[in-house]
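Peer 1: the sequence and its predicted three-dimensional model are supplied below.
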Amino acid sequence: NAGVTQTPKFRVLKTGQSMTLLCAQDMNHEYMYWYRQDPGMGLRLIHYSVGEGTTAKGEVPDGYNVSRLKKQNFLLGLESAAPSQTSVYFCASNSRGHEQYFGPGTRLTVT
Amino acid sequence: QQPVQSPQAVILREGEDAVINCSSSKALYSVHWYRQKHGEAPVFLMILLKGGEQKGHDKISASFNEKKQQSSLYLTASQLSYSGTYFCGTPHPSNFGNEKLTFGTGTRLTIIP
């Protein structure tokens, strides 16, 4: 039982490049989330999903897109990376009424 | 609306008690507490529910104030392992369950021997 995994762990992008972050969970959770964490800002919700095939915007969705084609996977895409998107990205999942389980994080630097 | 945590940082000696607060401008439906160690993912500690019921950690407790606009997390007889940044998360009142939490900016707790 791996829990929540994220790929990759680290990435450096140049401004304007694109990339996809993959989150996978093996706990059969309905809900999945993408957060970004910046110093002094806490965890801010980017997008979330309440089930396979559904996504919704969080607090800071601009510049990001997501997809949830399979229940266990939640993908976060950056179409044209900007230095302001340098951050640590966490994926999380849970079942209704229960705590969120977080992945180990992806540290992204955009130069 | 992002909850406000206080204090922002605190240093305690091992064995001392700690109190961390999480405040909102509106009544809280529930409060979720997580701890994050440096370079690691946040880890769930406990949930404080509207009626005062708690789910989670044995040695950590929490409560609401009278208006339910503030929750306090109590760490008694703190251990070195309690060091980390504590986040409270509050769901939007219209949410059922725990989707879409809004997290506070965190309280950094350092326990020294």
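Peer 2: Nice, thanks for sending it over.
Peer 1: could you tell me the end-to-end distance of stretch B:76-88?
Peer 2: This stretch, stretch B:76-88, spans 18 Å end to end (Cα to Cα, to the nearest Å).
Peer 1: quick one: check that stretch for contact with chain A.
Peer 2: Yes - residues of stretch B:76-88 contacting chain A under Cβ under 8 Å from any Cβ of the partner chain: residue B:87. All C-beta atoms are positioned from the backbone trio N, CA, C, and that covers glycine.
Peer 1: which elements pack onto the longest strand seen in chain A?
Peer 2: Of all the segments assigned as strand in chain A under DSSP state E, the longest by residue count is strand A:42-51. Under the contact definition 3 or more Cβ pairs under 8 Å, 6 or more residues apart in numbering or on different chains; DSSP states H and E, strand A:42-51 sits against strand A:31-38, strand A:54-57, strand A:65-67, strand A:73-78, strand B:84-91, strand B:101-103.
Peer 1: which one, of those strands, ends up nearest to residue A:23?
Peer 2: strand A:73-78 (4.5 Å; Cβ to Cβ).
Peer 1: could you identify the helix or strand that succeeds that closest one?
Peer 2: Next along the chain after strand A:73-78, taking DSSP states H and E as the criterion, comes strand A:87-94.
Peer 1: partner strands of that next one, with direction?
Peer 2: According to DSSP bridges, strand A:87-94 has the following sheet partners: strand A:31-38 (antiparallel), strand A:101-102 (antiparallel), strand A:106-110 (antiparallel).
Peer 1: let me know the angle separating the longest one from strand B:84-91.
Peer 2: This means strand A:31-38. 130 degrees (axes from the mean of the first three to the mean of the last three Cα atoms, to 10 degrees).
Peer 1: do the same with the last one
Peer 2: Angular relation of strand A:106-110 and strand B:84-91 on a 0 to 180 degree scale: 90 degrees, by the same axes, to 10 degrees.
Peer 1: residues of strand A:106-110 that come out buried?
Peer 2: The neighbour-count check on strand A:106-110 (16 or more other Cβ atoms under 10 Å in any protein chain shown) flags A:106, A:108, A:110 as buried.
Peer 1: from those residues, pick the one nearest chain B.
Peer 2: Nearest to chain B out of the buried residues of strand A:106-110 is residue A:106 (Cβ to the nearest Cβ; 10.9 Å).
Peer 1: contacting residues around the closest residue to the closest one other than its chain neighbours?
Peer 2: Spatial nearest neighbour of residue A:106, excluding adjacent residues (Cβ to Cβ, 6 or more residues apart in numbering or on different chains): residue A:89 at 4.6 Å. By Cβ atoms under 8 Å, 6 or more residues apart in numbering or on different chains, the contact set of residue A:89 is A:6, A:21, A:34, A:35, A:36, A:37, A:46, A:76, A:105, A:106, A:108.
Peer 1: show me how to select, in ChimeraX, the buried members of those residues.
Peer 2: Burial among those is assessed by 16+ other Cβ under 10 Å; the matching ChimeraX selection reads:
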select /A:6,21,34,35,36,37,46,76,105,106,108
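Peer 1: give the bridge partners for residue B:61, please.
Peer 2: Beta-bridge pairing for residue B:61 (DSSP bridges): residue B:74.
Peer 1: what residues are up against it?
Peer 2: Residue B:61 neighbours (Cβ under 8 Å, 6+ apart): B:46, B:54, B:73, B:74, B:76.
Peer 1: what helix or strand does the nearest residue to the third one once chain neighbours are set aside sit in?
Peer 2: Think residue B:73. Leaving aside its sequence neighbours, residue B:73 sits nearest to residue B:20 (Cβ to Cβ, 6+ apart; 4.4 Å). For residue B:20, the element it lies in under DSSP H and E is strand B:18-23.
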